[in-house]
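Trainee: generate a structure from the sequence data that follows.
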Amino acid sequence: MTMKSINLTEDVYDYLLSVSLKESPLQTALRDETARHPQSSMQIAPEQGQFIALLLKLINAKKVMEIGVFTGYGTLTMAQAIPEDGKVVACDINEKDTEIARKYWDQAGVREKIQLALAPAIETMDTLLKNGEEDTFDFIFIDADKQEYPAYFERALKLLRKGGLIMVDNVLWSGKPAMKAEMDKDTVAIREFNEKLKNDARVQISMLPVADGITLAIKN
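Mentor: Just a heads-up that it's a prediction; the model follows:
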């Protein structure tokens, strides 16, 4: 037995997916199309999407938000996991990429659950707060501009109900936050965010080596 997380070789990773991944055909098709995108690395891993869906079921989530839509795999996954009268607020600024997303949302029959906000996420979140939606969201997924993580997180905490859950993506950032010599702006931003979040008494957290690293934060 090891006291560390297992090293995922390609063979082990393929095995993991082969015995656990339960994608809908449209999720698989969207992943395949996104794999041909010049920025395909921005898409979340399929096992991460399935983990999100499981978490939404566990907390009986009905009102959720995604910050950073890209081609819409995460949004599709969340929309499929929440009840018929649930809602996903999907925040992005790229109309071309979200055109791909909308095509799959329509085919999956979940378009009515999704409110696409094509604007900077901070503006969308501030508008929601001004409109009285504080303490009403069950789950918020943060996966956009790394240097804005603190700003996203502060607004997410206000929008989230007590006991609600935030997932923050890319917190291990290919291991660069652990390397002191790595000082590019995104790495520094993630490193500082991780360090600050560890001591934030407003949440209980767990960082996991899933995909590029995720942190789960429950609002106290």
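
Trainee: quickly find the element holding the residue most central in space within the chain.
Mentor: The residue lying closest to the centre of the chain (Cα atoms, centre = their mean) is residue 141, at 3.6 Å. Using DSSP states H and E, residue 141 sits in strand 137-142.

Trainee: state the mean pLDDT of that strand.
Mentor: Mean pLDDT, computed over strand 137-142, is 98.

Trainee: what is the helix or strand just after that strand packed up against?
Mentor: As assigned by DSSP H and E, the chain's next helix or strand after strand 137-142 is helix 149-159. Contacts defined by 3 or more Cβ pairs under 8 Å, 6 or more residues apart in numbering; DSSP states H and E place helix 149-159 against strand 63-67, helix 121-130, strand 137-142, strand 160-169, helix 185-198. Where C-beta positions appear, they are placed from N, C-alpha and C, glycine not excepted.

Trainee: possible to save the ones you listed as JSON lines with distance to residue 93?
Mentor: Supplementary listing: the helices and strands packed on helix 149-159 in JSON lines, determined by distance: least, Cβ to Cβ, whole Å:
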{"stretch": "strand 63-67", "distance to residue 93": "11"}
{"stretch": "helix 121-130", "distance to residue 93": "8"}
{"stretch": "strand 137-142", "distance to residue 93": "15"}
{"stretch": "strand 160-169", "distance to residue 93": "17"}
{"stretch": "helix 185-198", "distance to residue 93": "17"}
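
Trainee: of those, which is nearest residue 211?
Mentor: Closest to residue 211 of the helices and strands packed on helix 149-159 is strand 160-169 (Cβ to Cβ; 7.4 Å).

Trainee: how about that closest one, which residues are buried there?
Mentor: Across strand 160-169, burial judged by 16 or more other Cβ atoms under 10 Å covers 160, 164, 165, 166, 167, 168, 169.

Trainee: next one: the third one relative to residue 141, how far apart?
Mentor: Note on residue 165: its distance to residue 141, by Cβ to Cβ, to the nearest Å, is 9 Å.
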